[in-house]
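Undergrad: I'd like to go over a predicted model; first the sequence, then the structure.
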Amino acid sequence: MVATHHYLFLAAALFTIGVIGVLTRRNIMIVLMSIELMMNAVNINLIAFSNHLQQVNGQIFAIFVITVAAAEAAVGLGIVIAMFKNKETMNINEIDLMKW
Amino acid sequence: MNFLDLIWLIPLFPVVGFLVNGLIGKRLPKSVVGIIGAGAVLVSFIFSAGAVLQLAQLPAEERSHTVRLYQWFDAGAAQTLGGQMARFQVDFGFLLDPLSSVMILVVTGIGFLIHVYSTGYMHEEDGFYRFFAYLNLFMFSMLTLVLGSNYLMMFIGWEGVGLCSYLLIGYYFHKKSAGDAAKKAFVVNRVGDWGLSIGIMLIFVSFGTIEFTAVGEAVREGLAAGSFSVSDPLFIGIALALFVGATGKSAQLPLYVWLPDAMEGPTPVSALIHAATMVTAGVYMVARSNFIFQMAPEAMAVVAVIGALTALFAASIGLVQNDIKRVLAYSTVSQLGYMFLALGVGAFAAGVFHLMTHAFFKALLFLGSGSVIHAMHHEQDMRKMGALKNKIPITFKTMAIGTLAIAGIPGLAGFFSKDEILWKAFSNPQGHVILWLLGVVVAGMTAFYMFRLLFMTFYGESRVDHHVEHHIHESPKSMTIPLMVLAAGSVVSGYLGIPLWLGGTNAFEHWLEPVFEPLPITQAAIVEHSHAFEAGMAALSVMVALAGIYLAYRKYYKTSYRAETEVASYGAAYPVLQNKYYVDELYDGLFVNRVKDAGVGLWKFDAKLVDGAVNGSASLTVTGANGSNWWDRWIVDGIVRFIGGFIKTASWPIRLIETGYTQNYALVMVLGVLIIIGYALWGGQ
């Protein structure tokens, strides 16, 4: 029997993997994928609690997150392409325009 | 057809020719341009002849026909000298009376012949269409001048002929001398036109109208009512102002200087404008204003004296000129002097008579000289001519007729008109024996220099260049036929006015009587002379003319022309005459150079004072701007840079944590979240 807390552990593990990916990887595509991973960890949490509380709100929320994630991925990839065209690199260390 | 009501069309036909030739003439063949130009004048001549014939059928006292096309302008009321208010109204109107009928026949008739001649003479010239356009514009202006029914209409034509004269003198505009001559003619005429415009204004403020007929009536009424008197300074002023205009246009002392230089224009222009028509405009104007001049005997005396002196002065210069056209130019000035002499002694009809006969023979002489020049390939110097008699026979014969006519040989036109003037100068109450004597001397000089021209050009040894000699040829028919017609006119036109002592009726004077009707002024009684005495006087003047011819025969026919003998025979007078009494130099010194000096002075004023002020204010602005620049650069910019630099320097520790790496920021965010979570879990106790 899989209890609710199992889902929470899985989600926490996935989220942690995502955060570490975002913070440590240098390839901007991997960073984007890690962000997707974090969002899907949140989705698992939402579904788990929806099931636990027997309320459909969490599932609707999850679908919203998936929709927004699709949009975010499109925008994010667009930014990446534009960035690559300008800088000709995928290395996030070389992208330091936010400095003064 | 009622030509009398169509007289307004007479000036209009040449305008059509002017517009067609001027606008599209460049693209038309020369023959078409010539046909349009001459045809327009021919149509005018036909209409003129028709109108004059119909005028002649009216009773003498009704021979004044006015056509008012429309009111030109109405400038409102003004106070006249008499104290009444008068409206300054001008009609666009035309007046045909015996005087203007003589003028339009001369202008269109001789004008047509000269147009025909020009089609031959100008055939090789560039700008053929331009020449005919100007010529037609001139015809329009001249016909407006003589047909206008008021002084302002006359003034339009007056200025129009001046413009055309300028354009045509400067026809060879690439030659500097032609351009200078055109400018000289224009500027000298401005002086005269100033007088004429003053005269017209005075006429309006005196009579409240500028219509010829109305002014004439006003003078008669005023004289009858006693409000005007003879020798009134007002009339003397008006007459002298008008005469200033006449001296300009008709080349009288002291404004004659432009006419000899005007010979720079093509020869048909000299014939049409500077001999037959335009230069007689002053004579016409004075004759037209005869009612004003009759009121001012002092002004008449001035006219007569100026006329006689001009005649003598110009004739004496003409004695030694070597350019064939210049001889004729001085002759024209001299003959115009005769006309003014006639006007000045009150013989208006005699002046107009001489105007008409002179138009014939002087146009003939000019066109003849043009034919000579044409044959000689543009050589005008008589010293390089001679023995042309058999080479260009038609030109020679016609010119000989013209020379006999101007010399006053009995039987030709010049005799009748010149003798009439000399007789009137002697016998009229305003005349004087000295005026008559001057006239007779001039008649002798005229005969002398004209025969000098004839002998130097056509007789003696040939002094022609060898290159030119082979090519001498008679002119084409388009040129010789007008010469022959004019030669015929130079003979018969005099028979219009056969004097009483020759058994004639003096028809010409009778024809003009309605215009020149004497005012009811008491004058010295006319001394009666017998016909025999008059015939004796005429014989005397003919003798003088024959003496002149004999002298010319001796000097230029018997002995072939040699420059040294001619110079020697005049002694010290030769350089003076050859240099035209140094009048041009005198005017240069008195007026032209003074005006130039004034121009230079103004230029210096401009260069030093005006430019100095401008440059000064400019450099002041530059200096001020430099100060402002310093202030801006060091003070204003200094403060701004100081603030910027200060912030830049002071902010360096903060700058260190701003790496620009997204992951650094994300790490800080994650750590912050962890701290908040940690605080939420364990910080609450």
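TA: Yep, it's here. Numbers count the residues shown, from 1 in each chain, chains lettered A, B, ... in the order given.

Undergrad: and B:Ala78, that's in a strand?
TA: Yes. Assigned with DSSP: H, G, I helix; E, B strand; the rest coil, B:Ala78 falls within a strand.

Undergrad: just the element for the nearest residue to it once chain neighbours are set aside, please.
TA: Nearest non-adjacent residue to B:Ala78, counting by C-beta to C-beta, 6 or more residues apart in numbering or on different chains: B:Phe88, 5.6 Å away. From N, CA and C alone the C-beta is placed, and that goes for glycine too. Secondary structure from DSSP states H and E places B:Phe88 in strand B:85-96.

Undergrad: pLDDT on that strand, on average?
TA: Averaged over strand B:85-96, pLDDT sits at 89.

Undergrad: returning to that earlier point: what is the burial count for the residue nearest to B:Ala78?
TA: B:Phe88 is flanked by 16 other residues according to other C-beta atoms under 10 Å in any protein chain shown.

Undergrad: same check on B:Arg383?
TA: Residues near B:Arg383, counting by other C-beta under 10 Å, number 14.

Undergrad: OK, contacts around it?
TA: B:Asn322, B:Met456, B:Arg463, B:Tyr561, B:Ala563 (C-beta atoms under 8 Å, 6 or more residues apart in numbering or on different chains).

Undergrad: count of residues packed around residue 57?
TA: Picking chain A for this. There are 11 residues near A:Asn57, going by other C-beta under 10 Å.

Undergrad: oops, I was thinking of chain B
TA: Look at B:Gln57: counted by other C-beta under 10 Å, it has 8 neighbours.

Undergrad: next: B:Glu420.
TA: 25.

Undergrad: which element is it on?
TA: For B:Glu420, the host element (DSSP H and E) is helix B:413-427.

Undergrad: which PyMOL command selects the buried ones in the contacts of B:Arg383?
TA: Those of the contacts of B:Arg383 that count as buried under 16 or more other C-beta atoms under 10 Å in any protein chain shown are selected in PyMOL with:
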select buried, chain B and resi 322+456+463+561
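
Undergrad: poorly predicted segments of the chain, please.
TA: No chain specified, so I'll use chain A. Scanning chain A with the threshold set as pLDDT under 70 gives A:100.

Undergrad: wrong chain, I was asking about chain B
TA: Counting by pLDDT under 70, chain B shows low-confidence ranges at B:524-525, B:684-685.

Undergrad: nearest residue to the middle of it?
TA: B:Gly162 (3.6 Å; C-alpha atoms, centre = their mean).

Undergrad: ok, and the closest non-adjacent residue to B:Val544?
TA: B:Gly444 (4.1 Å).

Undergrad: quick one: neighbours of the one you found, just the number.
TA: 21.

Undergrad: next: the one 4 residues further on.
TA: For B:Phe448, the tally of surrounding residues (other C-beta under 10 Å) stands at 25.

Undergrad: now do B:Leu667
TA: As a burial measure, B:Leu667 scores 15 neighbours (other C-beta under 10 Å).

Undergrad: JSON lines for the contacts of B:Arg383, including distance to B:Val116 and secondary structure?
TA: Output for those, formatted as JSON lines (distance: C-beta to C-beta, whole Å; DSSP: H, G, I helix; E, B strand; the rest coil):
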{"residue": "B:Asn322", "distance to B:Val116": "30", "secondary structure": "coil"}
{"residue": "B:Met456", "distance to B:Val116": "28", "secondary structure": "helix"}
{"residue": "B:Arg463", "distance to B:Val116": "32", "secondary structure": "coil"}
{"residue": "B:Tyr561", "distance to B:Val116": "33", "secondary structure": "coil"}
{"residue": "B:Ala563", "distance to B:Val116": "37", "secondary structure": "helix"}
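
Undergrad: of the contacts of B:Arg383, closest to B:Ala618?
TA: Among these, B:Asn322 lies closest to B:Ala618 (C-beta to C-beta), at 58.1 Å.

Undergrad: pretty sure the closest one sits against B:Asp381.
TA: Yes. Between B:Asn322 and B:Asp381 there is a contact under C-beta atoms under 8 Å: 5.7 Å.
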